[in-house]
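*Asks:* The following comprises the amino acid sequence and a computationally predicted model.
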Amino acid sequence: MMEELYIISGVAGMTGSELAGTLVGKGSRVIGFDNFFASSKEALKEIEDNDHFSFYEFDINNKGQMAQIKNQAMAMKKEFKRIIYINCAAVVHTEHFYHIDRTFETNVMGMRLFLDQAIEIGADIFINCSTSEVYSMNSWKEGGVSEEDYLLLANAEHSQRTSYAAGKLMTEFFMRDAVINNKIKGCSIRFANVYSKKELYPKHIIPHILMQLKQNGCVELLENSRKNKRTFLHNIDSCMAVLALVHSPDALDGSVYNVATDEEISIIDLTLFCAKKMGIEKPQMVFKGYRESDPERRMLNTDKIRNRTGWRPRVSLAEGIEMCIRELEG
């Protein structure tokens with residue numbers, strides 16, 4: 001009997017692909033699916049032919065396709081000591097925050113159906129990948145915002161973006177309710193600004209900066225970028241956080257865990273840093289457009305996951321950017 005079977009939604013995304021690669025490398029069996037909404041098969045090329053990995057180009061909102069995943073998991077159940085569901089599927093980019101139907105269908109309804117499936121087949125663990133966006137405008141304080149702090153959403157004028165945060169918050173309620181009612185063990189993870197060398201979505205800030213620097217040495221930024229500061233979490237570290245929780249039984253109590261780094265950097269300094277790494281001394285920056293309800297700073301306190309699992313970020317921003325540049329320059 002093999003140890004673990006993992007069912008991963010959004011498996012071609014940043015955290016999902018890193019998880020799949022890490023798990024099959026350790027001999028675990030992985031079933032993954034993705035509809036390539038904001039990802040590509042390229043992220044899975046290193047494991048697509050691995051006997052421990054099965055991939056399906058499925059949509060989490062397609063009930064027929066999800067029934068196929070369920071049937072396969074049921075058929076394989078007796079071969080494994082544990083079955084672990086990890087929900088990495090999400091409409092994640094700010095370009096889509098203002099389209100309520102897109103975010104609600106996938107982030108809320110899709111997650112709920114995936115959770116229900118895990119419960120129905122008797123899975124042991126469900127990990128729900130959430131987001132630091134739930135903190136909305138209350139995204140910074142000295143020492144970092146903790147999971148127990150009050151949430152302060154944007155005002156009603158900006159409710160379209162807030163719908164994304166509220167939707168992800170709903171998934172955390174579903175997760176906690178399932179655990180409280182003894183249906184499954186699990187937790188939710190609030191990731192902050194995950195990035196990856198494999199990321200193909202140029203409108204995320206790091207690949208956006210790198211691609212524009214490579215193409216013409218000039219970077220177009222939003223007006224918000226004159227003030228905004230962020231931390232950035234490499235997908236190797238987001239993956240390791242998931243696995244740390246999977247293997248920490250006492251932490252799977254329906255809790256929410258912040259996962260982030262404490263390397264805060266302004267968007268302007270990030271641009272200058274990337275340019276310097278690429279050998280560009282004085283990059284031109286053009287400021288155009290403005291994003292409503294965009295917090296100037298976002299710092300998360302990660303004491304909870306560190307204390308309960310021993311996880312901590314290992315990839316520095318400098319190391320992560322260098323990985324991205326090497327991948328971009330091929």
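*Replies:* That came in fine, so what should we check first?

*Asks:* where does the stretch 1-150 of the chain dip in pLDDT?
*Replies:* Low-confidence segments of the stretch 1-150 of the chain, defined by pLDDT under 70: 1-2, 38, 91-99.

*Asks:* Could I get the full set of strands for it?
*Replies:* For the stretch 1-150 of the chain, applying DSSP state E, counting those that start in this stretch gives strands covering 2-9, 29-33, 53-56, 80-87, 125-131.

*Asks:* and of the ones you listed, who's closest to Glu199?
*Replies:* strand 125-131 (15.7 Å; CB to CB). All C-beta atoms are positioned from the backbone trio N, CA, C, and that covers glycine.

*Asks:* and the angle from that closest one to strand 80-87?
*Replies:* Per axes from the mean of the first three to the mean of the last three CA atoms, to 10 degrees, the angle that strand 125-131 makes with strand 80-87 is 20 degrees.

*Asks:* If you count neighbours, what's buried in the next helix or strand after strand 125-131?
*Replies:* Next helix or strand after strand 125-131 toward the C-terminus (DSSP states H and E): helix 159-180. Residues of helix 159-180 classed as buried: 161-172, 174-176, 178-179 (neighbour count, 16 or more other CB atoms under 10 Å).

*Asks:* tell me the mean pLDDT over helix 159-180?
*Replies:* When pLDDT is averaged along helix 159-180, the result is 87.

*Asks:* Equivalent analysis for stretch 283-297, please.
*Replies:* 90.

*Asks:* that older thread, hey, which of the strands of the stretch 1-150 of the chain is tucked in deepest?
*Replies:* For those, the largest average neighbour count (mean count of other CB atoms under 10 Å) is found in strand 125-131, namely a mean of 25.

*Asks:* For that strand, output the C-alpha coordinates as PDB.
*Replies:* Extracted in PDB, the C-alpha atoms of strand 125-131 (Å, rounded to 0.1, in the frame of the first residue of the first chain):
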ATOM      1  CA  ILE A 125      -7.200  16.100   4.600                       C
ATOM      2  CA  PHE A 126      -8.400  19.200   2.600                       C
ATOM      3  CA  ILE A 127      -6.100  22.200   2.200                       C
ATOM      4  CA  ASN A 128      -7.800  25.300   1.000                       C
ATOM      5  CA  CYS A 129      -5.500  27.900  -0.600                       C
ATOM      6  CA  SER A 130      -6.900  31.400   0.200                       C
ATOM      7  CA  THR A 131      -5.300  34.800  -0.100                       C
END
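
*Asks:* Parallel or antiparallel, list what pairs with it.
*Replies:* Partners of strand 125-131 in the sheet, by DSSP bridges, are strand 80-87 (parallel), strand 185-191 (parallel).

*Asks:* Out of those, flag the one nearest Gly16.
*Replies:* Counting by CB to CB, Gly16 lies closest to strand 80-87 out of the strands paired with strand 125-131; the figure is 7.5 Å.

*Asks:* hmm, back to that, can I get the strands of the stretch 1-150 of the chain in a markdown table including distance to Thr22?
*Replies:* Output for those, formatted as a markdown table (distance: least, CB to CB, whole Å):
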| stretch | distance to Thr22 |
| --- | --- |
| strand 2-9 | 10 |
| strand 29-33 | 10 |
| strand 53-56 | 12 |
| strand 80-87 | 12 |
| strand 125-131 | 14 |
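
*Asks:* rewinding a little: quick one: the strands paired with strand 125-131 as JSON lines, columns for distance to Met299 too.
*Replies:* As requested, the strands paired with strand 125-131 are arranged in JSON lines below (distance: least, CB to CB, whole Å):
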{"stretch": "strand 80-87", "distance to Met299": "25"}
{"stretch": "strand 185-191", "distance to Met299": "12"}
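
*Asks:* how about the helices of the stretch 151-300 of the chain, start to end?
*Replies:* 159-180, 205-216, 235-246, 267-277 (DSSP state H, counting those that start in this stretch).
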